[in-house]
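Asker: Coordinates only, no sequence provided:
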């Protein structure tokens, strides 16, 4: 091989090595930025325990009696049991033992749906329209 050919190979190898080092650095830096963004999103998007309400807090939030809130839950469950379906959002809750808990964002979504549908709850006769 000629000396000129060896120098060309050496220069190509150096350029290739520098390119690989530069790309590795850029990828590492990019991943670090993405990791930082992800951790920021986790901090801002996680559900704060203050966003979970108990039944008393929900009643206060809705400006209703606790019994009325329970009746709404029972009315919707009854409708689902009787017909096998329920149109729209059902009252959002989960239950631990005898305690009801509601995630505030889901409650807001339920309120929007109930308002848009103009649902009427008759809590003294257990019917929903």
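Answerer: Good, I have the coordinates. Being a predicted model, the structure only gives us computed values, none of them experimental.
Asker: any idea which helix or strand of this structure has the worst average confidence?
Answerer: In the chain, the helix or strand scored least confidently by mean pLDDT, DSSP states H and E is strand 127-128, which has a mean of 52.
Asker: For the lengthiest strand in the chain, which outside residues touch it?
Answerer: If you go by DSSP state E, the chain has its longest strand at strand 99-103. Applying Cβ atoms under 8 Å, 6 or more residues apart in numbering, the external contacts of strand 99-103 come out as 47, 51-55, 58, 70, 73, 91-95. From N, CA and C alone the C-beta is placed, and that goes for glycine too.
Asker: ok, 6 Å please
Answerer: Under the contact criterion Cβ atoms under 6 Å, 6 or more residues apart in numbering, strand 99-103 has outside partners 52, 53, 55, 58, 92, 93, 94.
Asker: any idea of the mean pLDDT in that strand?
Answerer: Averaging pLDDT along strand 99-103 gives 95.
Asker: Please apply the same query to stretch 53-70.
Answerer: 95.
Asker: Look at residue 61 and say how many residues are nearby.
Answerer: Using other Cβ atoms under 10 Å, residue 61 has 15 neighbouring residues.
Asker: From here on, call the first residue 11.
Answerer: In the new numbering, first residue 11, that becomes residue 71.
Asker: In strands, which of the contacts of strand 109-113 appear?
Answerer: Among these, the ones falling in strands (DSSP E) are 62, 63, 104.
Asker: now the last one: how far from residue 112?
Answerer: Okay, so that is residue 104. Distance of residue 104 to residue 112, computed by Cβ to Cβ, to the nearest Å: 8 Å.
Asker: More neighbours: which of these two?
Answerer: residue 112 (23 against 11).
Asker: Report the beta-bridge partners for that one.
Answerer: residue 63 (DSSP bridges).
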